[in-house]
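In: Just a sequence and a predicted model for now, questions to come.
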Amino acid sequence: MQNQEIKQLIEAADDAINREDFEALMEFYSDDAVLVVKPGLLVRGKEQIRKAFEAIAEYFNHSLAVEQGKMCILEAGDTALVISNTVLNVGQRTDASYSMDRNATYVFKREEDKHWRCIIDNSYGVELLDVEDKEK
């Protein structure tokens, strides 16, 4: 069974990204969360994550739209692994529209206040392994 609370949190986070409401988006993350900006580039903590999302919005000329497709949530105690087909649509990056699908992985932790928060946000999923292989 899917954890509906986590699924709804991810949908709300996508909505915040799409509206560029980065203040609301930061509620989605733990204080020490890690975001994979791109393979080889990680940022840590809410301040750096917010700056990264602002830069991403700018890079895509404020046209990024994120949504989740098929999703699997594995939960053990206060930790959950989410594997999701994430769809990124971009209206105008360099005069052209395009879409890309990623098999993302997210890790959530139920914090002391009983709210689930993302501690690892990796929209690239296992693609990180390809980058590590190239660096060897």
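Out: Sure, I can see it.
In: So which residue is smack in the middle of this structure?
Out: Nearest to the geometric centre of the chain sits D121, at 4.5 Å (CA atoms, centre = their mean).
In: So what are the sheet partners of the helix or strand harbouring that one and their directions?
Out: Assigned by DSSP states H and E, D121 belongs to strand 116-122. Sheet pairing for strand 116-122, assigned by DSSP bridges, gives strand 29-38 (parallel), strand 98-110 (antiparallel).
In: Can you list the low-confidence ranges for the protein?
Out: Applying pLDDT under 70 to the chain flags the ranges 1-2, 92-99, 132-136.
In: Do a quick rundown of the strands in the protein.
Out: Taking DSSP state E as the test, the strands found in the chain are 29-38, 41-44, 64-76, 79-90, 98-110, 116-122.
In: do you know which of these lies nearest A57?
Out: strand 64-76 (6.3 Å; CB to CB). Quick note: C-beta positions are derived from backbone N, CA and C, even for glycine.
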